[in-house]
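Colleague: got a sequence here, can you model it:
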Amino acid sequence: KDYILLLDADDVLLPEDQKKLKELKENLPSDIDVVTLNYVMTTDENGKPTFHFRQPRLVKRSKGYKWIGPVHEYLAAYGNTMNADISVHHMKQKKKKVDSNAIGRNLRIYENRLKRGEIFTARDTFYYANELRDNKQYEKAITYYTKFLDDKRGWFEDHIRACINMASCYKYLGDREKELLTLFKSFSYDEPRSEACCLIGDVFRAKGDYQTAVFWYNLAIQMKDKQIYGFNNTIFTTWYPHLSLVVCYFQLGNIEKSMEHHEKSKEYIPNDPKVLYNENFFKEYMKKQKQ
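Modeller: Numbering: from 1, shown residues only. Prediction:
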């Protein structure tokens, strides 16, 4: 056929997305080389996506695209691209048993490449830093995130993600000031991401500066409809900032606003233990106020 559809064994097209794909196939212009679909990795209890990102999934066979990289391979798909309103859901049925030999496997692959004197691409440097962070080598991860950002090559979404990931390294190392500065650095690549805004809010909330934290959580909520082509963790535009604002407004003495954001968080995660705790807390609080 003229196009190749890329799916893993545990990828699923839900019925509504199957219908959309059939319609796309019937109406796809012949000059389209690549179609990206939304890849949904996780969903909430109502089936709404919570972590997703775009990937090339339908590609023109005649272009002869190749997979690049020994780790975290990607399809070097380019040309006339369409972003379709179709989702692929990652539906892993069984959790694999943890293989102790597999832990750090990707990290070892990268480090063996370095020992052989291989020259890393910008993407290699970014993903190597991610592996270091995942294996709790935070100081070394920071070194390679910095190297990646200083290189100034690579995708801007990866630069933003590098800042957010590097900030988490500083957090684990207990350096909240550098964590904050690194999150601010992410703004130099594009509009503020809701995740960075929430994490900045967390830093100010931890310092007891609730008014400043309120600003950042509210900004995160405002970014809800921003189209993002990198990793998109929707908790940072839905329940997370609202739940955080419950605490901040209560500490500021604005009980009405605190309860308002409790109701908002309840819309997203009504059965979450933190939301249920707040529900009981406000019931008791209002009873005492009436006495």
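Colleague: the closest residue to Asn130 other than its chain neighbours: how many residues sit nearby?
Modeller: Excluding its sequence neighbours, the residue lying closest to Asn130 (Cβ to Cβ, 6 or more residues apart in numbering) is Asn165, at 6.4 Å. Every residue, glycine included, has its C-beta placed from N, CA and C. Using other Cβ atoms under 10 Å, Asn165 is surrounded by 20 other residues.
Colleague: looks to me like Asn165 is in a helix.
Modeller: Yes - applying DSSP: H, G, I helix; E, B strand; the rest coil, one finds Asn165 inside a helix.
Colleague: and the lengthiest strand in the chain, what does it pack against?
Modeller: The longest strand of the chain (DSSP state E) is strand 49-60. Helices and strands touching strand 49-60, by 3 or more Cβ pairs under 8 Å, 6 or more residues apart in numbering; DSSP states H and E, are strand 3-5, strand 34-43, strand 81-90, strand 232-233.
Colleague: what's the angle between the third one and strand 49-60?
Modeller: Here strand 81-90 runs at an angle of 130 degrees relative to strand 49-60 (axes from the mean of the first three to the mean of the last three Cα atoms, to 10 degrees).
Colleague: tell me the SS of the residue nearest to Glu131 when sequence neighbours are not counted?
Modeller: Leaving aside its sequence neighbours, Glu131 sits nearest to Leu107 (Cβ to Cβ, 6+ apart; 4.2 Å). Following three-state DSSP, Leu107 is assigned to helix.
Colleague: related to what we said a few turns ago, winner for burial among the helices and strands packed on strand 49-60?
Modeller: Of all those, strand 232-233 carries the top mean neighbour count, a mean of 22, counting by mean count of other Cβ atoms under 10 Å.
Colleague: how near is the residue nearest to Glu131 to Ile119?
Modeller: For Leu107, the distance to Ile119 equals 18 Å [Cβ to Cβ, to the nearest Å].
Colleague: spatially nearest residue to Arg176, not counting backbone neighbours?
Modeller: Using Cβ to Cβ, 6+ apart, the nearest residue to Arg176 is Val203, at 5.6 Å.
Colleague: following the host helix or strand of the one you found, which helix or strand shows up next?
Modeller: Per DSSP states H and E, Val203 falls inside helix 194-206. The helix or strand immediately downstream of helix 194-206 is helix 210-222, counting by DSSP H and E.
Colleague: the closest residue to Asn38 other than its chain neighbours: what's it in contact with?
Modeller: Once flanking residues are discounted, Asn38 sits nearest to Ser87: 4.4 Å by Cβ to Cβ, 6+ apart. By Cβ atoms under 8 Å, 6 or more residues apart in numbering, Ser87 lies in contact with Leu13, Leu14, Asp17, Leu37, Asn38, Tyr39, Val40, Pro49, His52.
Colleague: how about 10 Å then?
Modeller: Neighbouring residues of Ser87 by Cβ atoms under 10 Å, 6 or more residues apart in numbering: Val12, Leu13, Leu14, Glu16, Asp17, Lys20, Leu37, Asn38, Tyr39, Val40, Pro49, His52.
Colleague: nearest to Gly154 among those?
Modeller: Closest approach to Gly154 among those (Cβ to Cβ): Tyr39, at 20.0 Å.
Colleague: confidence score at the closest one?
Modeller: On the pLDDT scale, Tyr39 is placed at 94.
Colleague: roughly how far does it sit from Tyr127?
Modeller: Tyr39 is 17 Å from Tyr127, by Cβ to Cβ.
Colleague: pLDDT of stretch 72-79, averaged?
Modeller: 92.
Colleague: can you show me the CA trace of it as CSV?
Modeller: What follows is stretch 72-79 as a C-alpha-only set of coordinates in CSV (Å, rounded to 0.1, in the frame of the first residue of the first chain):
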residue,chain,number,x,y,z
HIS,A,72,14.8,5.4,22.2
GLU,A,73,14.7,4.9,18.4
TYR,A,74,12.7,7.4,16.4
LEU,A,75,11.4,7.4,12.9
ALA,A,76,13.1,10.2,10.9
ALA,A,77,9.9,11.2,9.2
TYR,A,78,9.8,14.6,7.5
GLY,A,79,8.0,16.3,4.7
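Colleague: who's in contact with that stretch?
Modeller: Contacts to stretch 72-79, defined as Cβ under 10 Å, 6+ apart, come from residues 4, 6, 31-36, 55-60, 63, 65-69, 106, 109-110, 123-124, 126-128, 130-131.
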